[in-house]
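Trainee: build me a model from this:
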Amino acid sequence: MRNMTRRLLAVLTAMMMVTALGLAGCAGEAAPEPAKDVEPTQEQPNATATGEGEQGSAEPVKLQIFAANSLTKAMAEAQELYTSQHPNVTFADTQYEGSGTLVEMIGAGQYADVLITASKGTMDTAVEEGYVKEDTRQTMFNNDLVIVTKKGGELAGKDITLADIAAGAYTLAVGDENVPAGNYACQALSTVGAYREPDGATGAEATGKGGSFSDALKDKVTLGGKVGDVCKYAESGEVDIAMVYTSDVYRMGGVDICSVVPGDTHKPITYPGAVCAGSKNAEAAQAFLTWCMTDEECAQIWEQWGFELAEN
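Mentor: Numbering: from 1, shown residues only. Got it, this is the predicted structure:
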């Protein structure tokens, strides 16, 4: 009996020791503290703290560009270079049309982030209509008007003048009224009586719109809806000569320059660019325009395609 009592006491003692140890362990565990919100610090910057906007963050931006038809190849290369330098920026299907057509498209409700036209007048209209932000407007490029003919053709190397055209010596292609190159051509032709405006204005004072060709020329003129089409008319031999930009000779090929049209016979050929008033990516659009004017690699692209950067 005594032995059994001893064994029972030993078991009870052991059980009491186990219980005591368990309670001690629970008492030693620290209760977890509630999670606290962590605010950004200098050691943990976020995109806002570093000033990273549309261009600096990884958030993708897609820009819609409306550009004059003559910029087709140069702009495509510029956009490719820009995307390589700014991987978060891509471009929607860039619209290349006559400058007047581009302005009409925006007026009809089509979306664009950037508008680049081939004449001051068309950008003036865009500003007046509220299609672009006037404070973002800048002159981007300069160009020259040239008389071209089929490459290697009978007239290649011949110095053809405005007076020769006025005399009706050649069939001619120029842009229609929505194509600035056509406006410049008509302004130049007005100085030799080959084109007449309703108010009698000539040269740089003329608009190159709303007039008519002289009797000697009217049956010999083919109009094109794009300056590229005008160049193709000469390249194919459909007309003897065409009046286009120097840059069109670079991008189209297939033609030879006969002569450069005197600069004082038409308004200065400039390409203004601006951020569109309805742009949802105005900051990124402005950054792209600034880059076009300042990046050294991009400057080589413009030069390669016959464009001269304007000085602002």
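
Trainee: okay, now the closest residue in space to Val244 that isn't next to it in sequence: neighbour count?
Mentor: Nearest non-adjacent residue to Val244, counting by C-beta to C-beta, 6 or more residues apart in numbering: Cys231, 4.9 Å away. The C-beta positions use only the backbone N, C-alpha and C, and glycine is treated the same way. When counting by other C-beta atoms under 10 Å, one arrives at 27 neighbours for Cys231.

Trainee: and for Ser279?
Mentor: Neighbourhood size, Ser279 [other C-beta under 10 Å]: 22.

Trainee: so for the residue nearest to Tyr271 when sequence neighbours are not counted, what's the pLDDT?
Mentor: Sequence neighbours aside, Phe141 is the residue nearest to Tyr271 in space, at 4.1 Å (criterion: C-beta to C-beta, 6+ apart). For Phe141, the pLDDT comes out at 96.

Trainee: Phe141 sits in which helix or strand?
Mentor: For Phe141, the element it lies in under DSSP states H and E is strand 138-142.

Trainee: does anything pack onto that strand? Which helices or strands?
Mentor: Packing contacts for strand 138-142, counted by 3 or more C-beta pairs under 8 Å, 6 or more residues apart in numbering; DSSP states H and E, involve strand 270-275, helix 282-294, strand 308-309.

Trainee: next, the angle helix 282-294 makes with that strand.
Mentor: Going by axes from the mean of the first three to the mean of the last three C-alpha atoms, to 10 degrees, strand 138-142 is angled at 40 degrees with respect to helix 282-294.

Trainee: helices of the stretch 101-250 of the chain, residue ranges please.
Mentor: For the stretch 101-250 of the chain, applying DSSP state H, counting those that start in this stretch gives helices covering 120-128, 162-166, 180-190, 227-236, 246-252.

Trainee: for this structure, what are the low-confidence residue spans?
Mentor: Within the chain, the ranges that satisfy pLDDT under 70 run 1-58, 312.

Trainee: residue nearest the centroid of it?
Mentor: Taking C-alpha atoms, centre = their mean, the centroid of the chain lies closest to Ile65, which sits 4.4 Å from it.

Trainee: pick the most deeply packed of the helices and strands packed on strand 138-142.
Mentor: Comparing the helices and strands packed on strand 138-142 by mean neighbour count (mean count of other C-beta atoms under 10 Å), strand 270-275 ranks first with a mean of 24.
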